[in-house]
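Colleague: I would like to see how this sequence folds:
(chains A, B, C and D)
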Number of protein chains: 2
Amino acid sequence: MAGKTKPKADPSWPLEERPGYLIRRLHQIHVALFQEKCAAYEITPLQYSLLTALAKRGTADQTALAQDIALDRTTTTGALKRLQARGFVDRSVGPHDRRSRTCRLTRSGAALLRKIERPARAAHLATVADLTKADQKRFIAMMQAIVKAQGERLDATRSPD
Amino acid sequence: MAGKTKPKADPSWPLEERPGYLIRRLHQIHVALFQEKCAAYEITPLQYSLLTALAKRGTADQTALAQDIALDRTTTTGALKRLQARGFVDRSVGPHDRRSRTCRLTRSGAALLRKIERPARAAHLATVADLTKADQKRFIAMMQAIVKAQGERLDATRSPD
DNA sequence: CCAATTTACGAAGCATACTTCGCATTACAT
DNA sequence: ATGTAATGCGAAGTATGCTTCGTAAATTGG
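Modeller: As a prediction, this is how the structure comes out:
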């Protein structure tokens, strides 16, 4: 075609080498694998995180759950409402604090969690399955290192008003 | 409190060790860093990806751009519309194919891209800055390996109808 | 040349994900 | 005890990110 479009050799480095882009792709891939493996239960990775966090707590208000899974409070509320609408979670007004919503798994929610544990785990494993076993360990350790360091940085950054 | 909530020693492995959870956290961290470094320009990581892809192409329809940045077509359209609304992108009906929308950077869009290149790069680097230089290389290589392998898997999976 | 298929979009709907704002309630300090 | 702080939520607004359905225009086969 015409030579109208110049080479445009910009100094920006290729998309495929930028950490942020690769992370977005990884996230995309994991979500797709999760949906695939858990298709029978119509559950998302976030919902699974919430269910496990709730199982561990037994009972918790929405703010505590949000912190457990490192998620925004309002997003957490939205996900909990969807789980409640499907009968997996109970959200009742707190007995000691009427501002709060005390959440807990229902029978049905606990049953779902048990059924989903295997496929969910398979999805998480499949996400890194293209690496050698040794590299998987290293990869996870590196992600943990970043999350730990940056988590502390954020805590330090946004505390003062 | 009462001993009503059993230990609940579930077989699910801790959130902080699950690849999918760590990937979500990484994504969250990168987006936050990007917003921070590029705050002056009110640009998101996705929009930056689009601008660079567009700069490289010179001219492209929305489907090509979506493929370039590995994103859903309708999401791409939404982001392009927002960039158009702010005057950074031109979206006109294709001259040879009236179904298509031919996109290109405006003067303003090209100028913006030049200005954000440094802070955007800084954000990408900051995302992995907690790893040693050598680990950063390994980390990026591993992400590329997964993206490449899974990308091929997806292409193979969803082709037949 | 015309019918069938393919292709590029757009609209609508759901689920994350975050911010800012405002309300109600609780806790605290004098 | 009372005014002030802090806290737990909810609502609204914006941006991703995906699926499904529908439309219009181009391509291709006979």
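Colleague: what about the longest helix in chain A?
Modeller: When chain A is parsed with DSSP state H, its longest helix is helix A:133-158.
Colleague: Any residue of that one touching chain B?
Modeller: Yes. For helix A:133-158 and chain B, the contact criterion (Cβ under 8 Å from any Cβ of the partner chain) is met by A:135, A:138-140, A:142-147, A:149-151, A:154. No exception for glycine: its C-beta is placed from N, CA and C like everyone else's.
Colleague: Can you lay out the residues you listed as CSV showing distance to residue A:90?
Modeller: Formatted as CSV, the residues of helix A:133-158 next to chain B follow (distance: Cβ to Cβ, whole Å):
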residue, distance to residue A:90
A:135, 42
A:138, 41
A:139, 37
A:140, 34
A:142, 38
A:143, 33
A:144, 33
A:145, 37
A:146, 36
A:147, 31
A:149, 37
A:150, 34
A:151, 30
A:154, 32
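Colleague: Please spell out the PyMOL selection for the buried subset of those.
Modeller: Listed next is the PyMOL selection for buried residues among the residues of helix A:133-158 next to chain B, using 16 or more other Cβ atoms under 10 Å in any protein chain shown:
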select buried, chain A and resi 135+139+140+142+143+145+146+147+150+154
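Colleague: does stretch A:41-56 come close to DNA strand D?
Modeller: No. Stretch A:41-56 lies apart from DNA strand D when judged by Cβ under 7 Å from any atom of the strand; the minimum separation is 9.8 Å.
Colleague: And the helices in chain A?
Modeller: With DSSP H as the criterion, chain A has helices at A:19-37, A:45-57, A:62-68, A:73-85, A:107-127, A:133-158.
Colleague: Run through the residues of chain A sitting next to DNA strand D.
Modeller: A:24, A:28, A:31, A:61-63, A:73-74, A:77, A:94, A:97, A:99-101.
Colleague: Turn those into JSON lines, including pLDDT.
Modeller: What follows is the residues of chain A next to DNA strand D, written out as JSON lines (pLDDT from 0 to 100):
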{"residue": "A:24", "pLDDT": "98"}
{"residue": "A:28", "pLDDT": "97"}
{"residue": "A:31", "pLDDT": "97"}
{"residue": "A:61", "pLDDT": "95"}
{"residue": "A:62", "pLDDT": "96"}
{"residue": "A:63", "pLDDT": "95"}
{"residue": "A:73", "pLDDT": "95"}
{"residue": "A:74", "pLDDT": "96"}
{"residue": "A:77", "pLDDT": "97"}
{"residue": "A:94", "pLDDT": "85"}
{"residue": "A:97", "pLDDT": "91"}
{"residue": "A:99", "pLDDT": "93"}
{"residue": "A:100", "pLDDT": "94"}
{"residue": "A:101", "pLDDT": "95"}
